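Asks: Dropping a prediction and its sequence here:
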Amino acid sequence: MTEIVIKSASLILTMDDAARELVGVDIRVRDGVIAEIGAGLTGGEAIDAAGCLVTPGLVNTHHHLYQSLTRAVPQAQDAPLFGWLQTLYPIWARFGPEEIHISALTGLAELALSGCTLTSDHLYLYPNGARLDDTIAAAAEIGMRFHPTRGAMSIGESDGGLPPDSLVEREAHILNDCIRVIDAFHDPAEGAMCRVGIAPCSPFSVSRDLMRDAAILARDKGVMLHTHLAENDEDIAYSLEKFGCRPGQYAEDLGWTGDDVWHAHCVKLDRQEIDLFAKTRTGIAHCPCSNCRLGSGIAPIRAMRDAAVKIGLGVDGSASNDSGNLVAEARMAMLLQRVQSGAEAMSAREALWIATRGGAEVLGRHDCGQIATGKRADIAIWDMSGVEAAGNLDMGAALLAGPTRVRDLLVEGRRIVADGQITSIDLAGTLARQRSLAAALMA
Ligand SMILES: [Zn+2]
């Protein structure tokens, strides 16, 4: 039995059903679970949280960890989505298992240091023998709760698609490999550290048949579905031209709505599509920095929240964000809604709710995303005594202008960040390897 007591937190934002905010109390963590919340708790290993804000671990609902090796590529810096992809595909085609593994470790470390305890990943290319297994191994090494999705592309350039033929796979093979990784790694149990999803890259990189078959397979296996949808105007135009309908209709026709589905971006959903997502409990991964970086637009998150659409945050891949900092993403989510709809459009607390509880709900994790007795012990401790938060009268709001690096991070009760440093892997060694792999790729 392992036991930790987080002592004397200055403020705890629980994100529980009553949205309780607790001052000066302790949290007892036992065997990966929050066992008790109250004053004067003793026993176990103590973590002093005086002067700290404590939140649930942040939840990232959309990423492409492999892109952590291809940040700020000069030729792709100022291109919109489709041109950006066409610049990067040839570089990604040179990846192999080690590039996938090291980029995942790098991206996961970056996320953990920004307070993230649970992340999804969308891996949709498997060049030169790379497998989803390479990312799952990385998450296990660092100790993060992980929802990898088996992505795919099947329509290459010679069939009128965007990716080069060397990066696409046969659809029969894709479905067989989905079955393989689900059977090998998916854990449906409460407290699971790994849950696998199925995630064709986007409606413009796979066939209608694969979208439909993926939905049938996911329901048969009891796993979730994920893809990119309605990201920008080009995306809508493509859907209207190729499919004769908007993306929401396309998704609905192929079984891609429901409580077990979440779509990334959805910047361009119209009123009808927002209502469809609300009615079907379909989730959204909102990626505000990526949407800004690629000039895609501002997703109508205020309208979606008002309609009770499930929304979580995503940093998206580091090729389209340049950063993978989740607490910074929460700040951007808040700011963008205010740019669009005024200063009352989103509070810091609402942005933090989306970044924690909202993401957990999108990923179907009712055991995560809140600090409450019986929930998993995924907890972020933020030092608010530094210069970034100096002078604040409200730690809950100051976090979105304050530290962008967590002080301590517990995942399933295990402290994987302590005093601002990753404890579970050799980060310096990982970064050295990452640099040499990246240099070889660009040579
Ligand atoms: Zn993406």
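Replies: That came in fine, so what should we check first?

Asks: Report all helices and strands that the lowest-mean-pLDDT helix or strand in the chain contacts.
Replies: Sorting the helices and strands of the chain by mean pLDDT, DSSP states H and E puts helix 318-321 at the bottom, at a mean of 77. Applying 3 or more CB pairs under 8 Å, 6 or more residues apart in numbering; DSSP states H and E, one finds that helix 318-321 contacts helix 81-92, helix 288-293. In this view, the C-beta of every residue, glycine as well, is placed from N, C-alpha and C.

Asks: Please enumerate residues in contact with it?
Replies: 64, 67-68, 70-71, 73, 76, 84, 88, 107, 110, 287, 289-290, 293-294, 315, 324 (CB atoms under 8 Å, 6 or more residues apart in numbering).

Asks: Could you identify which of the helices and strands packed on helix 318-321 is most buried?
Replies: Ranked by mean neighbour count, the helices and strands packed on helix 318-321 are led by helix 288-293 with a mean of 23 (mean count of other CB atoms under 10 Å).

Asks: Counting by contacts, list what it packs against.
Replies: Secondary elements touching helix 288-293 (3+ CB pairs under 8 Å, 6+ apart): helix 318-321, helix 326-341.

Asks: Could you report the distance from A390 to V54?
Replies: Distance check for A390 against V54: by CB to CB, to the nearest Å, it reads 19 Å.

Asks: Can you classify I37 by secondary structure?
Replies: strand (DSSP: H, G, I helix; E, B strand; the rest coil).

Asks: Could you verify my assumption that it touches G24?
Replies: No. With contact defined as CB atoms under 8 Å, I37 does not count as touching G24 (11.8 Å).

Asks: Counting neighbours, go ahead and name the busier of the two.
Replies: Legend: neighbour count by other CB atoms under 10 Å for I37 and G24, higher for I37 (19 against 13).

Asks: Just give the nearest non-adjacent residue to the more buried one, would you?
Replies: Leaving aside its sequence neighbours, I37 sits nearest to I27 (CB to CB, 6 or more residues apart in numbering; 5.4 Å).

Asks: residue contacts, the one you found?
Replies: 5-6, 9, 12, 34, 36-37, 41, 54, 371, 379.

Asks: what lines up beside the helix or strand hosting it in the sheet?
Replies: Using DSSP states H and E, the element containing I27 is strand 26-30. With DSSP bridges as the test, strand 26-30 is paired with strand 3-7 (antiparallel), strand 33-38 (antiparallel).

Asks: Now it - C-alpha only, CSV.
Replies: Output of strand 26-30 as CSV, limited to C-alpha atoms (Å, rounded to 0.1, in the frame of the first residue of the first chain):
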residue,chain,number,x,y,z
ASP,A,26,-5.4,18.0,2.9
ILE,A,27,-5.8,15.2,0.4
ARG,A,28,-5.0,11.5,1.2
VAL,A,29,-4.0,9.4,-1.8
ARG,A,30,-3.9,5.6,-1.3
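
Asks: what is the mean pLDDT for it?
Replies: Per-residue pLDDT over strand 26-30 has a mean of 98.

Asks: ok, now stretch 226-234?
Replies: Across stretch 226-234, pLDDT averages out at 95.

Asks: Sort out which residues of that stretch are buried, please.
Replies: When burial is assessed from 16 or more other CB atoms under 10 Å, stretch 226-234 yields the following buried residues: 226-232.

Asks: Which ones among these map onto strands?
Replies: Here DSSP state E is the test, and these give 226-229 as lying in strands.

Asks: Between its first and last residues, how far does stretch 344-360 reach?
Replies: Stretch 344-360 has its terminal residues 25 Å apart, counting by CA to CA, to the nearest Å.

Asks: Brilliant, that's me finished.
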